[in-house]
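**Student:** build me a model:
(2 chains)
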Amino acid sequence: MAWNFFSLSPLTTKYRKLTTSEIPTCLALKGVKYICSSSAIYLEHSINRDCCVNSDSYYASLIDNSTHKRHLDQIHSRLLVLGLQHNGFLMTKLVNGSSNLAQIFYARKLFDGFYFPDVFMWNAIIRSYSRNNMFRDTIDMYRWMRWTGVHPDGFTFPYVLKACTELLDFGLSCLIHGQIIRYGFGSDAFVQNGLVALYAKCGRVSVAKVVFDGLYHRTIVSWTSIISGYAQNGESMEALRMFSQMRNADVKPDWIALVSILRAYTDVDDLEQGRSLHGCIIKMGLEDESDLLISLTALYAKCGMVMVARSFFDQMKTPNVIMWNAMISGYAKNGHAEEAVHLFHDMISRNIKPDSVTVRSAVLASAHLGSLKLAQWMDDYVSNSNFGSCIFVNTALIDMYAKCGSVEFARMVFDRNSDKDVVMWSAMIMGYGLHGQGWEAINLYAAMKQTSVFPNDVTFVGLLNACNHSGLVKEGWKLFHSMKDFEIEPRNEHYSCVVDLLGRAGYLGQACAFIMKMPIEPGVSVWGALLSACKIHRCVTLGEYAAKKLFSLDPYNTGHYVQLSNLYASSRLWDRVAHIRVLMRERGLNKDLGYSVIEINGKLQAFHVGDNSHPMTNEIFNELQILERRLKEIGFVPHTESVLHDLNYEEKEENLSFHSERIAVAYGLISTAPGTTLRITKNLRACVNCHSAIKLISKLVEREIIVRDANRFHHFKDGLCSCRDYW
DNA sequence: CTAGGGTTAG
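**Tutor:** Numbers count the residues shown, from 1 in each chain, chains lettered A, B, ... in the order given. Okay, here's the model as predicted:
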């Protein structure tokens, strides 16, 4: 609207330029603080550029070209001088300009000085708050707008919905949804797409789907919203199903849609489909899209192809934080924890600012490495960073300390956090479970219930695990049945804990009956628990049954074959052991190579079975022989039954004493001062023989030896182990 | 003046 303001404003009647000296006078007249002379020169310059000072669009373009708050100040003063402070179009422009320069409080001041804001002005201030991530204020302004009787329009709601999305407030979202319908925007494409994304982000994909289904015209944005909604809520298969529906509807994906679809493939580890999508991306000429490159990096890294992922990372000139995160977490998740930590250090030394996700991934990598020294370094790093009070990072720290062998340090991190959510409590409970401190876990759970934090499914996985590791059959059984009090549906993990609990304690029949009564299809973990219980109690028939299930559900997992073979070996069924060996060869499987890592003075040293590559190998084997002799002297008899192959007795014995954890112990003993605690990490589960041997060694050499195996920790001391031979 | 994505602790 171009109203003629010349008649209203005596100063501009002659199209006269303001001189620099005049400006302060005019401002003083209107009571506006004069900023600085350079601004005046700027204004002067701008006005000189175009002497035809006659329309809103002139001032609009001045505002659009402003790059500093003082420019806006100048223009504002000028508008005041001209009596244009009630020109809605220009004042709205000014508010927009302020918010673009992140001058949110200035925008608000302008807004407050404007008496009768129309919907455009309201949208401008709402947008300002939303763009500056002040979502509570966004909602407050929207409420105030409604209260003054101004009707929101189709431009208002996307910002309000964005705010709801960020606030993750489902109740509020429903309220706004109702208002959207009442104001008549029930079929506005922008608003509806916003609603789909909003419900999806609040974790209510089913509601999002209802809105999506009601859409009259589905754009690529609608499809992306619903696909990413499923992907973000862990329903990757459903996301991919929507993707195929989208293709049937002949909607061509753009790069943002592809990012969501890649994420779904990444989550289900579908490297093949991911690769073929990669091919499509190249065909579409989108391979230079850096954000797609990040998704591809995450995909290849998650699927174990870290080299390919790294090549994407390396080809990017200036990777952003998210790319760093994808690479670091990719390494961390795939047994390349060292590279992950290395890359993290690299990032710091190159002065690239990590965010909380980076730190979380680095902490996760440290947890995998198991080095207590590194763990403490990470803890220090976090304390000196901005993430010291970040609940996500602190939870990762608790998990890390527990996995690095120090449940005490984990507890210290836990105690220094005053605001604990269910995830943090669960992490601590898990930590106790890992160290076989079942009662501490249960007591902590009791303390948690005293606060207003409610347990969830993961809390119970932690608790049941803790009961398993401490042999607390009755307590575990009770806890399992208390899940329904919290309306938590047990998952396979919970069922397998119970099977483990019953099975280990020797109640194989009950364990079996329990499986038969399961309301869901028993998965790998359940049959795996049954098989390992059968191995302990040498129950061949039932074990074979469990193994058969496992081979059909998870045919390429070497662990199951080894378990069955060990079960046969324990029953001296050597022909069946041989048969398993043939079966594995036919299927192209090799027994996972065992290795152990020991930390000496903060440095990690890895050993595999019979490893003689270390420079000190002579000394190590000498120590091994001494230990062997001393063990024999006190009457130690090796358990030979857990050897995979049917070797002759001598060979078996030799193999056992050269197991990687034994070599690591020997190396640790000769490399550290007497009395030093040894910390060892093993990739597989502790074998029966080494477990008994290390118990005795701890007594012979008067050392505490802490071994982390694939499942839990063993604290060996004075001839005993914290797991009380229960693992 | 409007909307969709990626990295992500137990």
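**Student:** can we go C-alpha only for contacts and neighbour counts from here?
**Tutor:** Noted.
**Student:** how is chain A carved up into domains?
**Tutor:** Here the domain assignment for chain A is A:1-116, A:595-721, based on automatic domain parsing.
**Student:** quick check: mean pLDDT across the longest one?
**Tutor:** To tie it back to what came earlier, the one meant is domain A:595-721. Per-region confidence: domain A:595-721 scores 83 on mean pLDDT.
**Student:** re earlier: pipe the domains of chain A into a markdown table and attach distance to residue A:298 and mean neighbour count per row.
**Tutor:** Output for these, formatted as a markdown table (distance: least, CA to CA, whole Å; neighbours: other CA atoms under 10 Å):
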| stretch | distance to residue A:298 | mean neighbour count |
| --- | --- | --- |
| domain A:1-116 | 33 | 16 |
| domain A:595-721 | 24 | 18 |
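**Student:** closest one to DNA strand B among those domains?
**Tutor:** For DNA strand B, the closest of the domains of chain A is domain A:1-116, at 8.0 Å, according to CA to the nearest atom of the strand.
**Student:** for DNA strand B, what's the nearest residue on chain A?
**Tutor:** Closest point on chain A to DNA strand B, by CA to the nearest atom of the strand, is residue A:392, at 3.0 Å.
**Student:** mind checking what secondary structure residue A:715 has?
**Tutor:** Under the three-state scheme (DSSP: H, G, I helix; E, B strand; the rest coil), residue A:715 adopts strand.
**Student:** find the residue closest to it in space, skipping its chain neighbours.
**Tutor:** Leaving out its chain neighbours, the residue that sits closest to residue A:715 by CA to CA, 6 or more residues apart in numbering is residue A:706, at 4.6 Å.
**Student:** may I have the phi/psi pair for that neighbour?
**Tutor:** Main-chain dihedrals, residue A:706, degrees, to the nearest 10: phi -110, psi 120.
**Student:** what residues are recorded as beta-bridge partners of it?
**Tutor:** Beta-bridge pairing for residue A:706 (DSSP bridges): residue A:679, residue A:715.
**Student:** residue contacts, it?
**Tutor:** With contact taken as CA atoms under 8 Å, 6 or more residues apart in numbering, residue A:706 is in contact with A:405, A:677-680, A:713-716.
**Student:** re earlier: surely the residue of chain A closest to DNA strand B meets residue A:360?
**Tutor:** Yes. Here residue A:392 reaches residue A:360: they are 7.2 Å apart, a contact under CA atoms under 8 Å.
**Student:** more neighbours, those two?
**Tutor:** In this comparison of residue A:392 against residue A:360, neighbours counted by other CA atoms under 10 Å, the higher total goes to residue A:360 at 23 against 16.
**Student:** ok, now which ones touch that one?
**Tutor:** When the contact criterion is CA under 8 Å, 6+ apart, the partners of residue A:360 are A:392-393, A:396.
**Student:** distance from the helix or strand it falls within to the middle of the chain?
**Tutor:** In this assignment (DSSP states H and E), residue A:360 forms part of helix A:356-369. Taking the mean of its C-alpha atoms, helix A:356-369 sits 10 Å from the chain's own mean (CA atoms, centre = their mean, to the nearest Å).
**Student:** go on, stretch A:447-461?
**Tutor:** Here stretch A:447-461 shows a centroid-to-chain-centroid distance of 21 Å under the convention CA atoms, centre = their mean.
**Student:** what pLDDT, on average, does that stretch get?
**Tutor:** Here the average pLDDT along stretch A:447-461 is 94.
**Student:** what separates residue A:347 from residue A:321, distance-wise?
**Tutor:** Using CA to CA, to the nearest Å, one gets 9 Å for the distance from residue A:347 to residue A:321.
**Student:** also residue A:132?
**Tutor:** 21 Å.
**Student:** could you say which helix or strand holds the residue of chain A closest to DNA strand B?
**Tutor:** With the criterion set as DSSP H and E, the secondary-structure element containing residue A:392 is helix A:391-403.
**Student:** try residue A:607
**Tutor:** Under DSSP H and E, the secondary-structure element containing residue A:607 is strand A:603-608.
**Student:** right, and the helix or strand after that strand?
**Tutor:** Using DSSP H and E, the helix or strand that follows strand A:603-608 in sequence is helix A:617-633.
**Student:** what ranges does chain A have for its strands?
**Tutor:** Assigned by DSSP state E, the strands in chain A fall at A:595-600, A:603-608, A:678-682, A:705-708, A:713-717, A:720-721.
**Student:** look up phi and psi at residue A:672.
**Tutor:** In terms of degrees, to the nearest 10, the main-chain angles of residue A:672 are phi -130, psi 160.
**Student:** that older thread, now pLDDT too, for the contacts of residue A:360, in a markdown table please.
**Tutor:** Converted to a markdown table, those look like this (pLDDT from 0 to 100):
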| residue | pLDDT |
| --- | --- |
| A:392 | 93 |
| A:393 | 95 |
| A:396 | 96 |
